[in-house]
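>>> Build the 3D model from these lines:
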Amino acid sequence: MKCLLCSEYSLVHICTSCQKTFLKPSLYKRTLSNGIEVLSFYKYQEIKDLLFTKHTDLGFYIYTLLAKNSFKKFAQEFSPDFQSASLAIDDTIDSGYSHTALLNKELNSSHIKPLYNKIRAKNQLSYSGKSKAFRLKNSRDFKIKEVKEKHIILVDDIVTTGTTLLEASNLLIKQKKEVLFCLTLADVSQR
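Predicted structure coming up:
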């Protein structure tokens, strides 16, 4: 097959050279209105075409590769003196897999325990391409299943306005959880 980025022959969808050159993660930060930090590994514009594969068969491979290059490396370096749990936002199975569950899985380490099927939106509206006003008017209306761990890391693929992460983190805070930070693949606001 050919590498999706450089068109050279490769045994994987994106060759090792392009992974090192074009998919090397950085760390971008923003803060939600409740004070929780959102850490993102890529600028949205840099990987937009790759993110658009998420509802296709190819998306499984692309999201797995992006997760290994960013979330897995992050988890290997994250070493607080306590155990935490990571929760993927709305890790429902679409198109045969859950893209947020793939990201969450790569956080598995001695300090982070990924948990699945814990945060579900009762509102199934699509937020893709919608304005902040639309997002604020139509909350996700999350339901959170019991989580025993006190320290939480929230996981999502893209942060746009931050309303989804804000709503989920506020709900966890009401349940007396300490949301350490949110992790996303890409931040739309980073130019």
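
>>> So which elements touch the helix-or-strand element of the chain with minimal mean pLDDT?
Comparing helices and strands within the chain by mean pLDDT, DSSP states H and E singles out helix 132-137 as the least confident, with a mean of 74. Judged by 3 or more C-beta pairs under 8 Å, 6 or more residues apart in numbering; DSSP states H and E, helix 132-137 is in contact with helix 163-174. (Glycine included, C-beta is placed from N, CA and C.)

>>> Now the element after the helix it packs on, going C-ward?
The helix or strand immediately downstream of helix 163-174 is strand 178-187, counting by DSSP states H and E.

>>> May I see the buried residues of that following strand?
In terms of neighbour count (16 or more other C-beta atoms under 10 Å), strand 178-187 has its buried residues at V179, L180, F181, C182, L183, T184, L185, A186, D187.

>>> on that earlier part again, show me which residues of the least confident helix or strand of the chain are buried.
Judged by neighbour count (16+ other C-beta under 10 Å), helix 132-137 contains these buried residues: R135.

>>> Run through who's touching it.
For helix 132-137, the external contacting residues (C-beta atoms under 8 Å, 6 or more residues apart in numbering) are Y127, T160, T161, T163, T164.

>>> do stretch 49-64 as well
4, 12-14, 44, 66, 94-97, 99, 102-103, 157-158, 185-186.

>>> List the buried residues for that stretch?
The neighbour-count criterion (16+ other C-beta under 10 Å) identifies L50, L51, T53, K54, G59, F60, Y61, I62, Y63, T64 as the buried residues of stretch 49-64.

>>> Redo the residues you listed as CSV? Include distance to L23 and secondary structure.
Compiled in CSV, those are given as follows (distance: C-beta to C-beta, whole Å; DSSP: H, G, I helix; E, B strand; the rest coil):
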residue, distance to L23, secondary structure
L50, 8, helix
L51, 12, helix
T53, 14, helix
K54, 16, helix
G59, 15, helix
F60, 16, helix
Y61, 13, helix
I62, 10, helix
Y63, 12, helix
T64, 12, helix
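
>>> Export the residues you listed to TSV and append columns for distance to Q83 and pLDDT.
Below are those laid out as TSV (distance: C-beta to C-beta, whole Å; pLDDT from 0 to 100):
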residue	distance to Q83	pLDDT
L50	32	94
L51	31	93
T53	33	90
K54	30	87
G59	31	90
F60	29	91
Y61	31	93
I62	30	94
Y63	26	94
T64	25	94
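
>>> Could you single out the nearest of these to K29?
The closest of those to K29 turns out to be L51 (C-beta to C-beta; 19.5 Å).

>>> got the CA positions of the least confident helix or strand of the chain in PDB?
Taking Å, rounded to 0.1, in the frame of the first residue of the first chain, the C-alpha atoms of helix 132-137 are listed here in PDB:
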ATOM      1  CA  LYS A 132     -21.200  27.500  20.300                       C
ATOM      2  CA  ALA A 133     -24.700  29.000  20.700                       C
ATOM      3  CA  PHE A 134     -26.200  25.700  19.400                       C
ATOM      4  CA  ARG A 135     -24.000  23.700  21.700                       C
ATOM      5  CA  LEU A 136     -24.900  25.800  24.700                       C
ATOM      6  CA  LYS A 137     -28.600  25.600  23.900                       C
END
